[in-house]
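J.: from the sequence below, what's the structure:
(4 chains)
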Protein chains: 4
Amino acid sequence: MHYVLTLSCPDHPGIVRAIAQGAGAADGNITESAQFSDPVTGLFSMRVELESPWEDVDAVRSAITSAVHELGMHLQIRPRDEPRRMLILVSKIDHCLVDLLYRWERGELPVDIPVVVSNHEDLRELVERHGIEFVHVPVTPSTKPEAEAQVLALVEQHRIDFVVLARYMQVLSDDLCRSLSGRVINIHHSFLPGFKGAKPYHQAHARGVKLIGATAHYVTAELDEGPIIEQEVVRVNHTRTPEQMVALGRDVERLVLARAVTAHAEDRVFLCGARTVVFHP
Amino acid sequence: MHYVLTLSCPDHPGIVRAIAQGAGAADGNITESAQFSDPVTGLFSMRVELESPWEDVDAVRSAITSAVHELGMHLQIRPRDEPRRMLILVSKIDHCLVDLLYRWERGELPVDIPVVVSNHEDLRELVERHGIEFVHVPVTPSTKPEAEAQVLALVEQHRIDFVVLARYMQVLSDDLCRSLSGRVINIHHSFLPGFKGAKPYHQAHARGVKLIGATAHYVTAELDEGPIIEQEVVRVNHTRTPEQMVALGRDVERLVLARAVTAHAEDRVFLCGARTVVFHP
Amino acid sequence: MHYVLTLSCPDHPGIVRAIAQGAGAADGNITESAQFSDPVTGLFSMRVELESPWEDVDAVRSAITSAVHELGMHLQIRPRDEPRRMLILVSKIDHCLVDLLYRWERGELPVDIPVVVSNHEDLRELVERHGIEFVHVPVTPSTKPEAEAQVLALVEQHRIDFVVLARYMQVLSDDLCRSLSGRVINIHHSFLPGFKGAKPYHQAHARGVKLIGATAHYVTAELDEGPIIEQEVVRVNHTRTPEQMVALGRDVERLVLARAVTAHAEDRVFLCGARTVVFHP
Amino acid sequence: MHYVLTLSCPDHPGIVRAIAQGAGAADGNITESAQFSDPVTGLFSMRVELESPWEDVDAVRSAITSAVHELGMHLQIRPRDEPRRMLILVSKIDHCLVDLLYRWERGELPVDIPVVVSNHEDLRELVERHGIEFVHVPVTPSTKPEAEAQVLALVEQHRIDFVVLARYMQVLSDDLCRSLSGRVINIHHSFLPGFKGAKPYHQAHARGVKLIGATAHYVTAELDEGPIIEQEVVRVNHTRTPEQMVALGRDVERLVLARAVTAHAEDRVFLCGARTVVFHP
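T.: A predicted model of the protein is given here:
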């Protein structure tokens, strides 16, 4: 069986060796390994894939934890091929949702999608056609707290690992951001830090940039300021209207979001201050 | 002989036909043509290459101008293969200068470089080795007006068409920006509008972006806000230090600047409000 | 009303002027113009968009044709906003079809899709859900001529302008290639001319290339040798299996095909010997 | 002190743990680690950076080797910051050489360049200006064996680690390829496997590709068939002449070659059958 082990802690000598010993204690063979020690924060991030004949994840976890306990690290171990559980929040714009569902159906994404939540009814048929539960949670300024409570309840109920805002047109409250910290991925339709906020393609058009882009990032209380997971750009020229940029941007947004979801679901993304460490394969 | 005809004016019907007739009046055959009518500003930009047996540019200009005079357009005509005269301003960082000189020597750039000006002596040998005059114009806060006057005098004396700031570490005064409006190209070492001002790679590192870039733009009185001519990016990851980003950025900067210089020198760039129209071949 | 005028003929002086006069004869204003004279073949290609108060395309065609008849050019004029009629041929692999249908539904593609033809039944539901006729035309070695005749009949019946092979796993006969010459676009899942024929991602993996790609090209009798319309690549590394390359390639294939379809449907692609001239906006 | 440890061997369980133990035996802390087990060849490649207070590379090597000797692996250990010694072979085309020398002078390349060898005298001044020995080794069909012997002697004499063909217009003999197997990097001016052999840009122009590229690869006896280290492409269109493609290609070639040289000199490239494993940072 394959396991993924991840850890993030202040760097000090001996971590890698301890992990190797821990893997050995579980009869494990390390098949992939990536690590990074950040000189700015002093944070050490590590991701290891290991193969072990042991079929009991608790036993593996316990064996490895014993081997490294003196180092006071906190580490996570889980079966590599157990898909992460993802909840999608969406409004009316559908290209990111359509793309995620297509990739999921083709087996490209290492996730289960038990439920899609929207503040509108428009995309119900699309979602249900894929055999996925669709929950309509309308949001108005006055009902926002209840709506967010309902989302949190769905997260609990479906044992959701992480949430994706697939062009969800509501700003999450600070409370929700904190509750789900490091577990909510947003796709912003600009190359951040340029063009934060609303109508970024119109801003990009007005500024006359020659490349437009999209950014997948973790959601924090500060709008469009969370740690960036992935970015991509596409070339434009003076003939492109803001509307054509919106259309071109759809291709970039869906690609960037799919890459970020894959990296996150494979435990390849680590928070590191205001930045991320991403161990791409 | 080949000529380049450019015009920029409020759009109205009949311009293209009038230009075609004007070309005919000069026995000219249109060999390349590009045009754009900007819906935001209402501005019409056009660039035409034409071949004519006439060898006298004034005669060609006069023939075409007569044909279109009723339209009240202002147009420029010049021999296509007459290189533009470019002055380079540089400080100590040399990669953009080295690259421009290399391309110029290889015949890649359609320019003459009569003179390079620097506020330091460091790059004299490099410049003079290429047979180009090097002028040291030191700048201090108190001598800045005199220094800029000296630059302007060199622009006059050498009949300079446009100026390139090849990593010139001085901010031009508003007066100089106005005097040379639309004729000064700067290379900024970030993907604008992100990371204006000083140390953009350090800003990019702190923000954790996944692509870094460079921007060539016309210089205006507002720092790093001028109309963008060209941009390019390169992928980075969490392992890159700000210093490594500086090194990676050098490749992007020199490429972007060379493309912008080529486009400008071939009369392919038109100002259009805060944006540019660039007729790439 | 907007019209698109295209012509392709041996280059000689005066064509552009004649076209401008012809546009004038139809009270037309030229709003976009692109031209290219190929030094290898001597072929001149031109595409013009013009706006005229005349609502009758035959009258416009006649006015322009009269103006240029002495030049012996053959030109096409059609209303710009009249969508081209596209027939899609597909087998079982669905990502290109899914993508074309999504873009068509969003109004991104300037085409009508009256019918989708497949040699399998698998994609019927997907197609019919979009309100498009699905025709199953099975192909075996012995029935191939009849099958192709049926496709040709559908082309006639639906007044099809061009055919797209959206991962159609049958080689067209030489006869069909000739009948539809310049009107069939194929997407090949490699960066041609590398890896022609079957299983290109497996070939790419075996060769160890660091970028994989896709190519949209016109179909000719010689397999994977037709004139290239568009290409794109994506980076891979040693960790990617052939199967993962197939998945990564899907993103490139659908993007490349969509760009090629758009360019062709907007009359921006011209054959020029073994190459194409593509006037991107 | 920092050390780089590399190994390549048939995969079997326990290698990573043994290496970790070996590092521990040398009081070493693993600061970077990358590994890959190739499912096609069964080959395991690993690269580890470790920091140890021990200043004696032989002692470190001996400690680690003892720890892993039962696994029968062959591994290399060397001080990370000791530059590799690179010999450049060049003819008359200078852009790759100019670029390598510029990067070397700026400290971008982790190499020493004791000597540049050319079959022409043209680039002597350029090389010597950088304080590097230039050796003219003319090659004619009849003197080729002697010329190659002279190159091999220079490799010996200067304790050269690897050789770079920076647009060297001579095909190496099979004997020389074998003698320096895995130690000679060539830059080919096409996106291999497309356009092998001579004048690839002219081939690319004739085929009408929409992207042109360059490939850095190890030299083997079969021309342009060696394992690929790095590739990059740049977009072109129908207006580009073969000569302009040559100019555009220069930018790609120098970039690709610099990346390949850096990766090789940092021991990041492993041969794996006909392919390479490259552990980019």
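
J.: so which bits of the stretch 51-200 of chain A are right by chain B?
T.: A:191-195 (Cβ under 8 Å from any Cβ of the partner chain). All C-beta spots, glycine's among them, are computed from the backbone N, C-alpha and C.

J.: nearest to C:Val111, of those residues?
T.: Nearest to C:Val111 among those is A:Phe191, at 30.5 Å by Cβ to Cβ.

J.: the closest one: which element?
T.: Here A:Phe191 is covered by no helix or strand, with elements defined by DSSP states H and E.

J.: quick check: it vs C:Val233, distance?
T.: Separation of A:Phe191 from C:Val233 (Cβ to Cβ, to the nearest Å): 21 Å.

J.: write the ChimeraX selection for whichever of the residues of the stretch 51-200 of chain A next to chain B are buried.
T.: In ChimeraX, this line selects whichever of these come out buried by 16 or more other Cβ atoms under 10 Å in any protein chain shown:
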select /A:191,192,193,194,195
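
J.: quick one, domains of chain A?
T.: Per automatic domain parsing, the domain ranges recorded for chain A read A:2-79, A:84-278.

J.: regarding the last one, how distant is the last residue from the first?
T.: Same thing as domain A:84-278. 17 Å (Cα to Cα, to the nearest Å).

J.: check whether it contacts chain C.
T.: Yes: on the criterion Cβ under 8 Å from any Cβ, domain A:84-278 is in touch with chain C at A:95, A:98, A:102, A:106, A:108, A:237, A:239-240, A:247, A:251, A:255.

J.: the first one now?
T.: No: using Cβ under 8 Å from any Cβ, we find that domain A:2-79 stays clear of chain C, coming within 8.5 Å at best.

J.: all strands for the stretch 51-200 of chain A, in order.
T.: Per DSSP state E, counting those that start in this stretch, the stretch 51-200 of chain A has strands spanning A:75-79, A:84-90, A:111-118, A:133-136, A:162-165, A:184-188. These are given in chain order.

J.: quick one: strands adjacent to the third one?
T.: If I follow you right, that is strand A:111-118. strand A:84-90 (parallel), strand A:133-136 (parallel) (DSSP bridges).

J.: what does whatever helix or strand A:Arg17 lives in contact?
T.: Using DSSP H and E, the element containing A:Arg17 is helix A:15-25. Identification of contacts with helix A:15-25 by Cβ atoms under 8 Å, 6 or more residues apart in numbering or on different chains yields A:5, A:7, A:9, A:29-30, A:35, A:44, A:46, A:48, A:50, A:52, A:63-68, A:71, A:73, A:75, D:14, D:16-17, D:19-21, D:23-24, D:29-30, D:33.

J.: apply 6 Å and report the result again.
T.: With Cβ atoms under 6 Å, 6 or more residues apart in numbering or on different chains as the test, helix A:15-25 has contacts from A:30, A:50, A:63-64, A:67-68, A:71, D:17, D:20, D:24, D:30.

J.: closest to chain B among those?
T.: D:Ile30 (15.1 Å; Cβ to the nearest Cβ).

J.: what's the burial count for that closest one?
T.: When neighbours are defined as other Cβ atoms under 10 Å in any protein chain shown, D:Ile30 has 23 of them.

J.: check for me that it belongs to a helix.
T.: No: counting by DSSP: H, G, I helix; E, B strand; the rest coil, D:Ile30 falls outside a helix, being strand.

J.: just to revisit the earlier point, in a markdown table: the strands of the stretch 51-200 of chain A, plus mean neighbour count and mean pLDDT.
T.: Converted to a markdown table, the strands of the stretch 51-200 of chain A look like this (neighbours: other Cβ atoms under 10 Å in any protein chain shown; pLDDT from 0 to 100):
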| stretch | mean neighbour count | mean pLDDT |
| --- | --- | --- |
| strand A:75-79 | 17 | 94 |
| strand A:84-90 | 22 | 98 |
| strand A:111-118 | 21 | 98 |
| strand A:133-136 | 15 | 98 |
| strand A:162-165 | 23 | 98 |
| strand A:184-188 | 24 | 98 |
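
J.: I'd like to know which of these is closest to D:Leu89.
T.: Closest among those, once you apply Cβ to Cβ, is strand A:184-188, at 48.7 Å.

J.: and that closest one, which strands flank it?
T.: Assessed with DSSP bridges, strand A:184-188 is paired to strand A:162-165 (parallel), strand A:211-218 (antiparallel).

J.: next SSE downstream of the last one?
T.: For strand A:211-218, the following helix or strand on the C-terminal side (DSSP H and E) is strand A:228-235.

J.: check whether that following strand contacts chain B.
T.: Yes: Strand A:228-235 comes into contact with chain B (Cβ under 6 Å from any Cβ of the partner chain), by way of A:228, A:230-231, A:233.

J.: widest-spaced pair of the residues you listed?
T.: Longest span within the residues of strand A:228-235 next to chain B, Cβ to Cβ: A:Ile228 and A:Val233, 13.2 Å.

J.: please tell me how far A:Arg275 sits from chain C.
T.: Computed as Cβ to the nearest Cβ, to the nearest Å, the A:Arg275 to chain C distance reads 22 Å.

J.: what's near enough to touch that residue?
T.: A:Arg275 touches A:227, B:208, counting by Cβ under 6 Å, 6+ apart.

J.: quick one, helices of the stretch 151-281 of chain A?
T.: A:174-179, A:200-207, A:242-265 (DSSP state H, counting those that start in this stretch).

J.: can you name the residue of the stretch 1-150 of chain A nearest to chain C?
T.: A:Glu108 (5.4 Å).

J.: name the nearest residue to that residue, ignoring sequence neighbours.
T.: Spatial nearest neighbour of A:Glu108, chain neighbours left out: C:Ala247 (5.4 Å); criterion: Cβ to Cβ, 6 or more residues apart in numbering or on different chains.
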